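In: whatever this is, show me its structure:
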Amino acid sequence: MSWRAVTEADLAWIEPFLREHVQSSMFFLSNLNEHGIDGTADRAMRIWALDDDRKGLFALSNGGMILMQAPDATKDDWLATRAFWAERELIGCLGDGAQVAAFFEATGMGDRPMSLNEDEPGYRLELARLKMPDCDGFSMVPLGEEHRALAVTWRTAYHGEVLGTPAHKCAEIAAQDIARCIERDTHRILLKDGVPVSKTGFNATLPDTVQIGGVYTPPELRGQGLARRAVALHLKEARDKGAMRAILFAASAAAVKAYQSIGFLPCGQFAMAFFDAET
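Out: Model prediction:
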């Protein structure tokens with residue numbers, strides 16, 4: 001076996017190691033910071049480390065999500081992870097694009113039917129270099145009860161359009177997502193002259209770093225620069241609270257254009273795969 005279960009003693013090197021690869025480790029870091037090792041929450045993880053002098057981590061959340069940060073892992077290392085997940089119900093896999101590809105190839109996991117299997121370009125911004133667009137007439141409010149129903153409608157559409165969620169499950173999962181967003185105060189609604197026009201949020205956070213996710217503008221309102229304004233205003237809020245950098249992964253050419261316009265620069269690749277639960 002090339003992996004061992006991590007212990008509290010490992011935390012001294014785990015966080016610095018993950019921060020060296022923060023572009024593809026935000027979900028890993030955020031889950032670890034919120035839930036520690038072997039917690040009971042859905043996003044809490046069991047974590048294993050390579051058992052030699054190489055630094056590498058493999059994790060499985062209670063909810064069935066695989067996460068990894070092991071740039072030096074070999075085919076045999078990936079194969080050895082079967083002991084951790086072979087008997088588990090899995091929902092997906094997140095991590096550096098090259099690592100996820102190697103894991104999929106070694107284990108045959110890539111042959112599973114998937115509702116989503118994307119290798120998206122990463123972008124990074126030091127918030128001191130944030131370029132604010134003209135936001136005259138726009139304001140931003142926390143996602144709360146006032147906009148819950150609208151946000152669920154938008155999130156339902158997002159699940160079908162972006163995440164490939166089966167149609168009959170979109171509304172149910174969207175409602176759960178929005179409830180969690182409201183509870184955690186992670187998302188914002190952009191208003192134009194008081195009318196909701198776009199949504200943005202952070203899907204992982206650290207005291208000094210935020211990862212943008214869940215950005216959505218209804219199709220009939222696209223092409224007006226609404227997403228870039230929403231993201232920029234939310235990042236300004238985060239910067240004012242002490243965050244120093246932002247990370248995101250762009251799913252389309254339009255998204256890339258919007259993010260680059262406020263200062264984001266290319267940085268790495270991120271793989272996001274969700275397994276088809278219906279097969």
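
In: quick check: Ala271 vs Gly110, distance?
Out: Applying C-beta to C-beta, to the nearest Å, the value for Ala271 to Gly110 is 10 Å. C-betas here are computed from N, CA, C, even on glycine.

In: common neighbours of these two, please.
Out: Ala101, Asn117 (C-beta atoms under 8 Å, 6 or more residues apart in numbering).

In: more neighbours, these two?
Out: Each of Ala271 and Gly110 has its neighbours counted (other C-beta atoms under 10 Å); Ala271 has more, 23 against 15.

In: now that one. Nearest residue, chain neighbours left out?
Out: Distances taken as C-beta to C-beta, 6 or more residues apart in numbering place Val100 nearest to Ala271, at 3.7 Å, with adjacent residues excluded.

In: buried sites along whichever strand or helix holds that neighbour?
Out: In this structure, Val100 sits in helix 97-107 according to DSSP states H and E. Along helix 97-107, these residues count as buried under the neighbour rule (16 or more other C-beta atoms under 10 Å): Gly97, Gln99, Val100, Ala102, Phe103, Phe104, Ala106, Thr107.

In: where does Ala251 land on pLDDT?
Out: Predicted confidence (pLDDT) for Ala251: 74.

In: what strands line up against the helix or strand containing Phe274, and which way round?
Out: Using DSSP H and E, Phe274 sits in strand 265-275. Paired neighbours of strand 265-275 in the sheet (DSSP bridges): strand 92-96 (antiparallel), strand 114-126 (antiparallel).

In: using CSV, list the CA coordinates for the longest one.
Out: This file holds the C-alpha atoms of strand 114-126, laid out as CSV (Å, rounded to 0.1, in the frame of the first residue of the first chain):
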residue,chain,number,x,y,z
MET,A,114,-20.9,11.1,-16.2
SER,A,115,-23.3,13.9,-16.2
LEU,A,116,-20.3,16.3,-16.3
ASN,A,117,-16.7,15.8,-17.2
GLU,A,118,-15.0,19.1,-17.8
ASP,A,119,-11.3,20.2,-17.7
GLU,A,120,-11.6,23.9,-17.3
PRO,A,121,-9.0,26.7,-17.6
GLY,A,122,-8.1,28.3,-14.3
TYR,A,123,-7.7,32.0,-13.6
ARG,A,124,-6.2,33.9,-10.7
LEU,A,125,-6.4,37.5,-9.6
GLU,A,126,-4.5,39.3,-6.9
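
In: which residues in this structure form helices?
Out: When assigned using DSSP state H, the helices of the chain occupy the ranges 11-20, 26-35, 75-80, 82-85, 97-107, 148-158, 167-184, 226-240, 253-261.

In: could I get these as JSON lines with distance to Gly201?
Out: Shown next, in JSON lines, are the helices of the chain (distance: least, C-beta to C-beta, whole Å):
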{"stretch": "helix 11-20", "distance to Gly201": "22"}
{"stretch": "helix 26-35", "distance to Gly201": "13"}
{"stretch": "helix 75-80", "distance to Gly201": "32"}
{"stretch": "helix 82-85", "distance to Gly201": "29"}
{"stretch": "helix 97-107", "distance to Gly201": "23"}
{"stretch": "helix 148-158", "distance to Gly201": "10"}
{"stretch": "helix 167-184", "distance to Gly201": "6"}
{"stretch": "helix 226-240", "distance to Gly201": "7"}
{"stretch": "helix 253-261", "distance to Gly201": "14"}
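
In: so which of those comes closest to Gly63?
Out: Gly63 sits nearest to helix 26-35 of all the helices of the chain, at 10.1 Å, using C-beta to C-beta.

In: Arg229 and Asp134, how far apart?
Out: 8 Å.

In: number of residues surrounding Arg222?
Out: 12.

In: contacting residues for it?
Out: Taking C-beta under 8 Å, 6+ apart as the test, what Arg222 contacts is Ala254.
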